[in-house]
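*Asks:* Provided below are the primary sequence and the corresponding predicted coordinates.
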Amino acid sequence: MALYSDKVMDHFTNPRNVGIIEDADGIGEVGNAVCGDIMKIYLKIDKESGIISDVKFKTFGCGSAIASSSMATEMIKGKPLSQALELTNKAVAEALDGLPAHKMHCSVLAEEAIRAAIKDYYDKNGIEYDRSKFPEPHEEEHGETEE
Amino acid sequence: MEKKIIYVDNAATTAMSDRAIAAMQPYFKGIYGNPSSLHTVGQTAKEALDGARRKIAACLNCEPGEVYFTSGGSEADNQCIRSAALQGAKKGKKHIISTAFEHHAVLHTLKKLEKEGFEVTYLDVHGNGLITAEEVKAAIRPDTALVTIMYANNEVGTIQPISQIGKVCREAGVVFHTDAVQAAGHIPVDVRADSIDMLSLSAHKFHGPKGVGALYCRKGLPLLTFIEGGAQEKGKRAGTENIPGIVGMAAALEEACGNMQENAERLTRMRDRLIDGLLKVPYSGLNGDREHRLPGNINISFEGAEGESLILYADALGICLSSGSACTTASLQPSHVLMSLGLPHEVAHCSLRITLGDTNTEEDVDYMLVHIPEVVKKVRDISSLWDDYVSGKIKHIYDK
């Protein structure tokens, strides 16, 4: 498969952490059906230590969206929230040995979904946070289809 | 062990037929002449060129002098549309009629003409992927220079009522062009019976070589010179002719037209079995009219299962097919064809296109009927959108 790296194909074919956490502490959903990618992340957080004890995802989207979700959840599982907030889309893409240029937005969605889930956790628990660190998920740009 | 490959993307391109390959062979080395040369080697090539033109004319029911060779369907579309537009403009006619779901070779040319001062009416396609001749008739104005409507659609396979549209245009005295890239060699195309003035076709869609196509331009209609620099193709397209390609195209079209009925019946049987089998997947729907449809085309949406993921999982099982999903292209927009049928975005992203060809067998159909439903389930199991359907957050548009 020339389109994607072996790493992407591995995470796409055998995605890690697929599922739903029924009693999740934080849920983040980004993307929309118009552009064809919706990513939903569920977090279970240990309130004492602030560590992400479990994470699951469900993603509607292409191969790189699923692989980005799988990789991003692997990268934050068992990590403190502070560290999860540092996760960038570039780090996700690099961990996947790169994404095609027009698929980079998939890694952006993964970063934004995690932030949204953490924000949801903060909001639900009345935890104060720096709002400037939680910008609104960016709107996708729509170009014209080429074939 | 070699991986099993089931190629069902024949609307994208086809494998070359043995007959076309054999027909081309002598023209690479043995008969390599330039048809413009006066000596024997050149004139032998010229005879091959003339022979190919006669064969293609016979398949389309036109005169050899009405056939012009091009580099493919896109070039033919560009040349036909630009020619008719220019001719219309000379008479003060700057209105063009087309549909919203044409190939981009047509749509992008029209967009450019709009910037150059033409007005284009894009007829809305019905939900079944068809338009009617009455709708064309109603859109024709005194200043209409051209009607350009594809014979059969590349994504949803719908076949337009071309002979009725042709008749309407002929009666109104408007030039009628049709992009027959998906139709030629697959369904009967008769430019006389269908009242077609201009037509485009591409060799690699009917088991011919890539990089070669042809256009038909009815005698008496002016054709624009598309490439300057020589007397080839009556001065309308300069450049030494691609003799092997042209010979291969003619052989492939002749073969396809000769076996058309038999092939169409076989493909239609397999197509219908696939459609019936795949529609048993819960919450799936056929895109495009079931009756007026190319023999080998199946286009189905599976709610909640995104197209690129479907393609990649199917590919891992050796099934090569395509989708109208945005993620299969460089943009984020789903296919303009599926959108023109009125599908919601989330459903347009979830389509699979299977296009059968000569090499496919009933065993291929059996294999796909087992594995494609599994692939859909696998994608849905990961899909957040599918969860929203299940929970009732969004409503199904298809039945279970």
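*Replies:* That came through fine.
*Asks:* residue ranges of the strands in chain A, please?
*Replies:* Ranges of strands in chain A, per DSSP state E, are A:26-32, A:37-46, A:51-60.
*Asks:* mind putting the ones you listed in a markdown table, distance to chain B, mean pLDDT and mean neighbour count included?
*Replies:* Placement of C-beta: from N, CA and C, glycine included. What follows is the strands of chain A, written out as a markdown table (distance: least, C-beta to the nearest C-beta, whole Å; pLDDT from 0 to 100; neighbours: other C-beta atoms under 10 Å in any protein chain shown):
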| stretch | distance to chain B | mean pLDDT | mean neighbour count |
| --- | --- | --- | --- |
| strand A:26-32 | 7 | 95 | 21 |
| strand A:37-46 | 4 | 96 | 24 |
| strand A:51-60 | 4 | 97 | 23 |
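*Asks:* Mind putting those strands into JSON lines with distance to B:Val379?
*Replies:* Shown next, in JSON lines, are the strands of chain A (distance: least, C-beta to C-beta, whole Å):
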{"stretch": "strand A:26-32", "distance to B:Val379": "16"}
{"stretch": "strand A:37-46", "distance to B:Val379": "13"}
{"stretch": "strand A:51-60", "distance to B:Val379": "9"}
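*Asks:* show me where pLDDT drops low in chain A?
*Replies:* When residues are selected by pLDDT under 70, those of chain A lie in A:1-2, A:137-147.
*Asks:* got the residue ranges for the helices in it?
*Replies:* A:6-13, A:63-76, A:81-84, A:89-95, A:104-124 (DSSP state H).
*Asks:* So which of those helices is nearest chain B?
*Replies:* When these are compared by C-beta to the nearest C-beta, helix A:63-76 sits nearest chain B, at 4.7 Å.
*Asks:* Pull the contacting residues for B:Met270.
*Replies:* Neighbouring residues of B:Met270 by C-beta atoms under 8 Å, 6 or more residues apart in numbering or on different chains: B:Gly296, B:Leu356, B:Asn360, B:Glu362, B:Asp364, B:Val365.
*Asks:* Oops, could you answer that again for B:Ala252 instead?
*Replies:* With C-beta under 8 Å, 6+ apart, B:Ala252 has these contacts: B:Met16, B:Ser17, B:Arg19, B:Ala20, B:Gly185, B:Ala203, B:Phe206, B:His207, B:Gly208, B:Pro209.
*Asks:* Kindly report the same for B:Cys80.
*Replies:* Counting by C-beta under 8 Å, 6+ apart, B:Cys80 has contacts B:Thr148, B:His177, B:Met198, B:Leu199, B:Ser200, B:Leu215, B:Cys217.
*Asks:* in the sheet, who's paired with the closest residue to the first one other than its chain neighbours?
*Replies:* Translated: B:Thr148. Counting by C-beta to C-beta, 6 or more residues apart in numbering or on different chains, B:Thr148 lies nearest to B:His177, which is 4.3 Å off, once chain neighbours are set aside. Beta-bridge partners for B:His177, by DSSP bridges, are B:Thr148, B:Met198.
*Asks:* Any figure for the gap between B:His177 and chain A?
*Replies:* Per C-beta to the nearest C-beta, to the nearest Å, B:His177 is found 21 Å from chain A.
*Asks:* Ok, B:Glu363 next?
*Replies:* B:Glu363 is 25 Å from chain A, where distance means C-beta to the nearest C-beta.
*Asks:* can you list the residues that contact stretch B:368-379?
*Replies:* By C-beta under 8 Å, 6+ apart, stretch B:368-379 touches B:6, B:8, B:273-274, B:277-278, B:280-281, B:284, B:302, B:304-306, B:309-310, B:313-314, B:317, B:319, B:352, B:354.
*Asks:* would TSV of the helices of chain A with distance to chain B and mean neighbour count be doable?
*Replies:* Formatted as TSV, those follow (distance: least, C-beta to the nearest C-beta, whole Å; neighbours: other C-beta atoms under 10 Å in any protein chain shown):
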stretch	distance to chain B	mean neighbour count
helix A:6-13	6	19
helix A:63-76	5	27
helix A:81-84	20	17
helix A:89-95	16	19
helix A:104-124	8	22
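*Asks:* Looking at these, spot the one closest to B:Tyr68.
*Replies:* B:Tyr68 sits nearest to helix A:63-76 of all those, at 42.0 Å, using C-beta to C-beta.
*Asks:* chain center to that closest one, what's the gap?
*Replies:* Offset of helix A:63-76 from its chain centre (C-alpha atoms, centre = their mean, to the nearest Å): 6 Å.
*Asks:* that older thread, pLDDT at the residue nearest to B:Thr148, what is it?
*Replies:* In this prediction, B:His177 carries a pLDDT score of 98.
*Asks:* Tell me which stretches of the stretch 1-150 of chain B form strands.
*Replies:* B:6-7, B:67-70, B:95-99, B:119-123, B:144-148 (DSSP state E, counting those that start in this stretch).
*Asks:* residues contacting the residue nearest in space to the middle of chain A?
*Replies:* With distances taken as C-alpha atoms, centre = their mean, A:Ala110 lies nearest the centre of chain A, 2.4 Å away. A:Ala110 is in contact with A:Met39, A:Ser68, A:Ser69, A:Met71, A:Ala72, A:Asn89, A:Val92, counting by C-beta under 8 Å, 6+ apart.
*Asks:* CSV please, covering the contacts of B:Ala252 and showing distance to chain A and neighbour count.
*Replies:* Shown next, in CSV, are the contacts of B:Ala252 (distance: C-beta to the nearest C-beta, whole Å; neighbours: other C-beta atoms under 10 Å in any protein chain shown):
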residue, distance to chain A, neighbour count
B:Met16, 22, 19
B:Ser17, 25, 20
B:Arg19, 29, 16
B:Ala20, 25, 25
B:Gly185, 21, 27
B:Ala203, 19, 33
B:Phe206, 19, 27
B:His207, 21, 27
B:Gly208, 20, 32
B:Pro209, 20, 20
